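[1] I'll drop the sequence and a predicted model, then ask my questions.
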Amino acid sequence: MADRRLQVFHTVARMLSFTKAAETLHMTQPAVTFQVRQLEEHFNTRLFDRTHNRISLTEAGRRVYEYADRIFELYDEMENAVREMTGEISGVIMIGASTTIAEYMLPALLGDFRVKYPEVNVQLKVSNTEGIVSMVENNVIDLGVVEAPVSNKNLVVEVCRMDELVAIVPPKHPLAGKKVIRIQELLQHPYICREEGSGTREVIQEYLQRCKLNINEISVCMELGSPEAVKGAVEAGMGVSIVSRATIHKELQLGTLVALPLDPPLERPFSFVHQKQKFRHLAMDELLEFARNYCKTHRED
């Protein structure tokens, strides 16, 4: 309902990037630029300063951005109020999830949610934990689901469930017959880790520090960007690793990997993250409540 020019301007102003705004809005960059220029022509003033491939808001741009924030909040409140009167749960929700959660937890959860609320369009963005938290901070997504602690005190963080991390080795590996493994013994072998910014990597680094291990002395043979890549490399005998138990159900059933519980044990929270704001879509509240209940009843999935 809101003026398209204002919506586009608001997204560019929030992200301070025409390129990122175009990606978020699923538009081409020239189309985004055209909409902003139309709004500037409407007000007969520049809303952005463009220097050295960077943009910043002019004084007029900051004023328009403040009013746009209020306008869009009122639109949302109006739509929500009407939907509460009619009992309709609908709309678009943008969710972001770190890789492990997006691949192994969310598909079943969102599938069940869609059956119950077919009028809600849930769109999913996948990144590592660092990227998801950044999207929440910048209002690119409504809700993040991440696999590492969140340090930003201005965000609401709600633990969904605990996730166990275990060592994985190929079936013929010298460690494969052990019942549990100490991290010092595991790391005597070539180690395969996740990329910088990964929640899994961050949690493991903190665990190593608690175990009084020097992270820089570990023999890292590969850095990979997804659980699937890590599992494939371990299956191929290229090294050992530590992954979420939730990611290896299939490999354990097929016998292509062996899971070794760590001593001391290693757990991390899967958490919901969203802005501290006084208003949320009715559909967002329903999704949050649905996800809370899902986590309670699917703790071992």
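    Structure received. Residues are numbered from 1 along each chain as shown.

[2] Phi first, then psi, for the residue positioned nearest the centre of the chain.
    Centrality entry for the chain: nearest residue to the mean C-alpha point is residue 97, 2.9 Å, by CA atoms, centre = their mean. When read as degrees, to the nearest 10, the backbone of residue 97 gives phi -140, psi 140.

[3] Relative to residue 95, how far out is the closest residue in space to residue 147 that isn't next to it in sequence?
    Counting by CB to CB, 6 or more residues apart in numbering, residue 147 lies nearest to residue 199, which is 3.7 Å off, once chain neighbours are set aside. Every C-beta, even on glycine, is put in place using the N, C-alpha and C of the backbone. Between residue 199 and residue 95 the computed distance is 16 Å (CB to CB, to the nearest Å).

[4] Show me which of those two is the more surrounded one.
    Remark: of residue 199 and residue 95, residue 199 carries more neighbours, 28 against 24, as counted by other CB atoms under 10 Å.

[5] any idea how far residue 192 is from that one?
    Remark: distance between residue 199 and residue 192 (CB to CB) = 17 Å.

[6] again, but for residue 167
    Distance from residue 167 to residue 192, counting by CB to CB: 11 Å.

[7] Which neighbours do these two have in common?
    When contacts are counted by CB atoms under 8 Å, 6 or more residues apart in numbering, residue 167 and residue 192 have 240, 241 as shared neighbours.

[8] who has more neighbours, those two?
    In this comparison of residue 167 against residue 192, neighbours counted by other CB under 10 Å, the higher total goes to residue 167 at 26 against 23.

[9] for the residue lying closest to the more buried one once chain neighbours are set aside, what are its contacts?
    Beyond its immediate neighbours in the sequence, the residue positioned closest to residue 167 (CB to CB, 6+ apart) is residue 260, lying 4.2 Å away. Residue 260 is in contact with 166, 167, 168, 169, 175, 178, 179, 180, 181, 186, counting by CB under 8 Å, 6+ apart.

[10] Doesn't the third one belong to a strand?
    Yes: residue assignment for residue 168, taken from DSSP: H, G, I helix; E, B strand; the rest coil, places it within a strand.

[11] Tell me where the stretch 1-150 of the chain has strands.
    Assigned by DSSP state E, counting those that start in this stretch, the stretch 1-150 of the chain shows strands spanning 48-51, 54-57, 91-98, 120-127, 143-146.

[12] Rebuild the contacts of residue 260 as JSON lines, extending it with pLDDT and distance to residue 51.
    Converted to JSON lines, the contacts of residue 260 look like this (pLDDT from 0 to 100; distance: CB to CB, whole Å):
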{"residue": "166", "pLDDT": "96", "distance to residue 51": "51"}
{"residue": "167", "pLDDT": "96", "distance to residue 51": "51"}
{"residue": "168", "pLDDT": "97", "distance to residue 51": "50"}
{"residue": "169", "pLDDT": "96", "distance to residue 51": "54"}
{"residue": "175", "pLDDT": "95", "distance to residue 51": "57"}
{"residue": "178", "pLDDT": "94", "distance to residue 51": "60"}
{"residue": "179", "pLDDT": "93", "distance to residue 51": "63"}
{"residue": "180", "pLDDT": "95", "distance to residue 51": "59"}
{"residue": "181", "pLDDT": "95", "distance to residue 51": "56"}
{"residue": "186", "pLDDT": "94", "distance to residue 51": "52"}
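
[13] In CSV, list those along with distance to residue 64.
    Conversion of the contacts of residue 260 to CSV gives the following (distance: CB to CB, whole Å):
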residue, distance to residue 64
166, 52
167, 54
168, 53
169, 58
175, 61
178, 63
179, 64
180, 60
181, 59
186, 56
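
[14] out of those residues, who has the most neighbours?
    Using other CB under 10 Å as the contact criterion, the top neighbour count among the contacts of residue 260 goes to residue 168, which has 28 neighbours.

[15] Is it correct that it is in contact with residue 259?
    Yes: Residue 168 lies in contact with residue 259 (CB atoms under 8 Å); the separation is 5.8 Å.

[16] helices and strands around the lengthiest helix in the chain, which ones?
    Once the chain is assigned using DSSP state H, the helix that runs over the most residues is helix 59-86. Counting contacts by 3 or more CB pairs under 8 Å, 6 or more residues apart in numbering; DSSP states H and E, helix 59-86 packs against helix 4-15, helix 29-43, helix 282-297.
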